[in-house]
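Visitor: Build me a model from this:
(one chain, ligands or ions: 1)
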Amino acid sequence: MKNVIIRWTLILLCLTAAYFIVQAKVNSIVQKNLNSALKVEFPQYTKEELIKDSETRMKYLLTRTNVKFTIHKVKLKENLWLIAKKHGYSVHTVIGCNPQMKTYHVNVNDKLLLPESGGCIHPVTPTDTWASIAEKYDIDEQTLKDTNCRITDLSKEIYIFIPGRKPAVDTLNESMQEKYALRDLFRSPLAGRLSSTFGTRRHPITGKISKHGGIDIAVKTGTLVAAAADGVVTVASTNVGHYGTAVFIDHRNGYITHYGHLSKILVRVGQKVKMGQIIARSGSTGRATGPHLHFTVKKNGVGVDPLKFLW
Ligand SMILES: [Zn+2]
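Guide: A predicted model of the protein is given here:
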């Protein structure tokens, strides 16, 4: 009887010991895994890699920010404006997250990095601090830190994300900087669907291939038309050839703009106008198939694509 008790006690002791040994082992494994999970391992890339490849840029930003990103593969007939609109922000966000872009033109199958909401990426410079970046973009410093929540050492970073802001022009590549400068010259004479673009086209009335000197923006007759920039009215007439009723503005910097097929003129020749000032109402006078505004920009007498200037 005594022997049985001793034997069982020994067995129990052994089992308890085995239990504690196994428990300790499991704990150490769990702890090890936890430690490695807590230690943030940032993948490292060069700036060139981040510019060249949208997917790499997405990986980079996903590990450092609390922003969700997707890769958008450009489809046929899509343009920057359509893509931006579909995502509920302006083209500035698309440009601001895609430093590989050198023009506003996108090609089918181009891969664009798109954030879940508006904003841009900022290339960190050696002199940057959270405070200096916050000031540059007029944004709250804490918001900036919260967005880039997993960054501990700013000086080691290549890009951070600036929520809700347009890209700073000096951070863009040279080609985009030039294009941004042009966009400051004019604003759109109105908001509407673009029905015909600049350049060669089949004329809607004559059927002949001809050069279109401007853009057509389809809008209801009577839509307010604004001056695209400051200037002086040089033509305001109901009889301007195929333009019908039209207004011309000289912007005194080598640029002039034409507004054609109007229904009503609200300015007179010689009048000084400001950018955004209402000058007319749209219509379908002259050679027009339907109500639209024809808008031309000329530089030193030569027609240029207005879409170079308008957002
Ligand atoms: Zn036209």
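
Visitor: Show me what the helix or strand hosting residue 14 is packed against.
Guide: Using DSSP states H and E, residue 14 sits within helix 2-38. Where contact means 3 or more C-beta pairs under 8 Å, 6 or more residues apart in numbering; DSSP states H and E, helix 2-38 is not packed against any helix or strand. Using the backbone N, CA and C atoms, a C-beta is placed for each residue, glycine as well.

Visitor: so how far is it from its chain's centroid?
Guide: Distance of helix 2-38 from the chain centroid (C-alpha atoms, centre = their mean, to the nearest Å) equals 59 Å.

Visitor: Stretch 73-85: which residues count as buried?
Guide: The neighbour-count check on stretch 73-85 (16 or more other C-beta atoms under 10 Å) flags 74, 78, 80, 81, 83, 84 as buried.

Visitor: which residues sit against it?
Guide: Applying C-beta atoms under 8 Å, 6 or more residues apart in numbering, the contact partners of stretch 73-85 are 72, 90-91, 93-95, 104-112, 114.

Visitor: Farthest-apart pair in those residues, please.
Guide: 90 and 109 (23.4 Å; C-beta to C-beta).

Visitor: Just want to know which of those two has more residues nearby.
Guide: residue 90 (16 against 9; other C-beta atoms under 10 Å).

Visitor: Next, give phi and psi for that one.
Guide: Note on residue 90: its backbone torsions stand at phi -90, psi 170 [degrees, to the nearest 10].

Visitor: partner residues bridging residue 72?
Guide: residue 112 (DSSP bridges).

Visitor: what sits against it?
Guide: Residue 72 neighbours (C-beta under 8 Å, 6+ apart): 83, 111, 112, 113, 114.

Visitor: now it: how far from residue 163?
Guide: 19 Å (C-beta to C-beta, to the nearest Å).

Visitor: again, but for residue 246
Guide: 44 Å.

Visitor: So the two - more neighbours on which side?
Guide: residue 246 (24 against 20).

Visitor: And this protein, what are its domain boundaries?
Guide: 47-183, 193-308 (automatic domain parsing).

Visitor: Could you pull up the mean pLDDT of the shortest one?
Guide: Confidence over domain 193-308 (mean pLDDT, whole number) is 89.

Visitor: how about that domain, does it reach the ion?
Guide: Yes - using C-beta under 5 Å from the ion, we find that domain 193-308 touches the ion at 216, 294.

Visitor: Assign a three-state SS to the residue nearest to residue 268 when sequence neighbours are not counted, would you?
Guide: Leaving aside its chain neighbours, residue 268 sits nearest to residue 236 (5.7 Å; criterion: C-beta to C-beta, 6 or more residues apart in numbering). The three-state label given to residue 236 by DSSP: H, G, I helix; E, B strand; the rest coil is strand.

Visitor: can I assume residue 236 is in contact with residue 270?
Guide: No - contact criterion C-beta atoms under 8 Å: residue 236 and residue 270 do not qualify, at 9.1 Å.

Visitor: When these two are compared, which one has more neighbours?
Guide: residue 236 (22 against 9).
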